[in-house]
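K.L.:
curious how this folds, go ahead:
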Amino acid sequence: MKGIPCILKNKLKDFTIIVLDIRDYNETSTYSEDDTLYIPFAYLKRFYVEIPQGKIHVIAEDKLELNLGVRFLLAIYRIKNKFGGNR
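P.N.:
Alright, predicted model coming up:
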């Protein structure tokens, strides 16, 4: 997605960034880590309220899943800011 940099997770310098893994559960079970929030893309619409506010680093299986996930998160963020609501 244009304007969104692609950074490897182990290269993150800011430790306050929330790491959100949107891959399917069967993909994440082999790479599970304690500091990662797991919400598969199929469940984002239902559980996006569980994502804490702040900067987010998204992990996806492929570019398509990443683009769809980032677009959804950006849309939710814009709607919340437009109407002044809290997540």
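
K.L.:
lowest-pLDDT helix or strand in the chain?
P.N.:
Least confident helix or strand of the chain, by mean pLDDT, DSSP states H and E, is helix 25-28 with a mean of 75.

K.L.:
helix or strand right after that helix?
P.N.:
The C-terminal neighbour of helix 25-28 among helices and strands, as given by DSSP states H and E, is strand 36-38.

K.L.:
what sits up against that next one?
P.N.:
Ile18, Val19, Leu20, Asp21, Tyr25, Thr28, Ser32, Glu50, Ile51, Ile59 (CB atoms under 8 Å, 6 or more residues apart in numbering). (C-beta placed from N, C-alpha, C; glycine too.)

K.L.:
once you drop chain neighbours, what's closest to the fourth one?
P.N.:
In this case it means Asp21. Ile59 (4.4 Å; CB to CB, 6 or more residues apart in numbering).

K.L.:
all helices of the protein, in order?
P.N.:
Here the chain has its helices, by DSSP state H, at 25-28, 44-47, 63-83.

K.L.:
where among those is the average confidence lowest?
P.N.:
Of all those, mean pLDDT reaches its minimum on helix 25-28 (a mean of 75).
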